[in-house]
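Asker: Sequence and predicted structure, then a few things I'm wondering about:
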Amino acid sequence: MKFRFSFVSGAMAAGLLFSHSHALAGPPFVTDDPEPADYQHFEINTAMQGTYTKDGRAGAWPNLDINYGLIPDVQFTVNLFGAYAKGYGEKLHYGDGDTEVALKYRFLEEDEDGWVPMAAFYPNITFATGKAPDNLGSGHDRVFLPLWLQKNIGDFQTYGGGGYYLNRYGDTDRDYWFFGWAALYKLSEQWQLGGEIFKQTADLTAKGAALTVGDGVSDKKSSGFNLGGYCNLNEEDHIIFAFGRGLQNRTETNSFSYYVGYQVIY
């Protein structure tokens, strides 16, 4: 099976916060935000998500993203996946995916009257709990070291940043960078819509790319965009959604992707 799916970290683990004075951020987008969960409060997202390429499709159902305000300005996250993968002409594989554990530390508060943004360091570790031969996991542990920024201006919100993946393993996988930026506009108390653009450098050597893509591509560079937003049912319950596609090496990395989820805060 030549098809190989790789989740992009950030889409799968993020903190969400909602109140009358703040907008939602993080999921359903790949780009993350620096705002942690409220102290001693949970923010839980459950979603189905997937990506299509020329070789097949893969994703998660369900994806359970659990965030907790551990102490003021610090959020603890656990991200669990029921992963699936199906190459064209092959049977569907389903099982436990990789597991992500993260800690978000907001070290800079936003200056609401000035231009100083909110900022946070959000390191996370992805443990290889998924079955790699069935394309349900990466086959090795990874570490992501990102820095995220955010600024709110009236009903307009923008956030983004990026970081470095410690992904080197064997003679195929290698370390890589990820960057993303999102912008959202609050149309009403119920609706907030926007989009993002993101880019990832190559995560495979030429040998690894040839083995997994199967067409001689020398790397797995990718970029793409998503459009989506939030439907706020009330202060605790939200429907979150995004749809997008790749821009670079699109057929190999992301012909079409989706995220549809439900979020609850308590």
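Answerer: Everything's here; your move.
Asker: show me where this protein has strands.
Answerer: Ranges of strands in the chain, per DSSP state E, are 42-53, 56-71, 74-87, 93-96, 99-108, 118-121, 124-127, 142-153, 156-166, 176-186, 191-200, 222-232, 237-248, 256-265.
Asker: okay if I get these as JSON lines plus mean pLDDT and mean neighbour count?
Answerer: Quick note: C-beta positions are derived from backbone N, CA and C, even for glycine. Below are the strands of the chain laid out as JSON lines (pLDDT from 0 to 100; neighbours: other CB atoms under 10 Å):
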{"stretch": "strand 42-53", "mean pLDDT": "96", "mean neighbour count": "20"}
{"stretch": "strand 56-71", "mean pLDDT": "95", "mean neighbour count": "20"}
{"stretch": "strand 74-87", "mean pLDDT": "96", "mean neighbour count": "21"}
{"stretch": "strand 93-96", "mean pLDDT": "96", "mean neighbour count": "15"}
{"stretch": "strand 99-108", "mean pLDDT": "97", "mean neighbour count": "18"}
{"stretch": "strand 118-121", "mean pLDDT": "98", "mean neighbour count": "20"}
{"stretch": "strand 124-127", "mean pLDDT": "96", "mean neighbour count": "19"}
{"stretch": "strand 142-153", "mean pLDDT": "97", "mean neighbour count": "19"}
{"stretch": "strand 156-166", "mean pLDDT": "97", "mean neighbour count": "20"}
{"stretch": "strand 176-186", "mean pLDDT": "97", "mean neighbour count": "19"}
{"stretch": "strand 191-200", "mean pLDDT": "97", "mean neighbour count": "20"}
{"stretch": "strand 222-232", "mean pLDDT": "96", "mean neighbour count": "20"}
{"stretch": "strand 237-248", "mean pLDDT": "96", "mean neighbour count": "18"}
{"stretch": "strand 256-265", "mean pLDDT": "97", "mean neighbour count": "19"}
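Asker: These: which one's closest to residue 33?
Answerer: With respect to residue 33, and counting by CB to CB, the nearest of the strands of the chain is strand 156-166 at 4.4 Å.
Asker: Output the strands of the chain as TSV; include the columns distance to residue 33.
Answerer: Putting these into TSV (distance: least, CB to CB, whole Å) gives the following:
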stretch	distance to residue 33
strand 42-53	12
strand 56-71	12
strand 74-87	11
strand 93-96	27
strand 99-108	9
strand 118-121	8
strand 124-127	14
strand 142-153	5
strand 156-166	4
strand 176-186	8
strand 191-200	11
strand 222-232	13
strand 237-248	13
strand 256-265	14
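Asker: quick one, which of the ones you listed is nearest to residue 36?
Answerer: Nearest to residue 36 among the strands of the chain is strand 74-87; the distance by CB to CB comes to 3.5 Å.
Asker: Between strand 99-108 and that closest one, find me the angle.
Answerer: Taking axes from the mean of the first three to the mean of the last three CA atoms, to 10 degrees, one finds strand 74-87 and strand 99-108 inclined to each other by 140 degrees.
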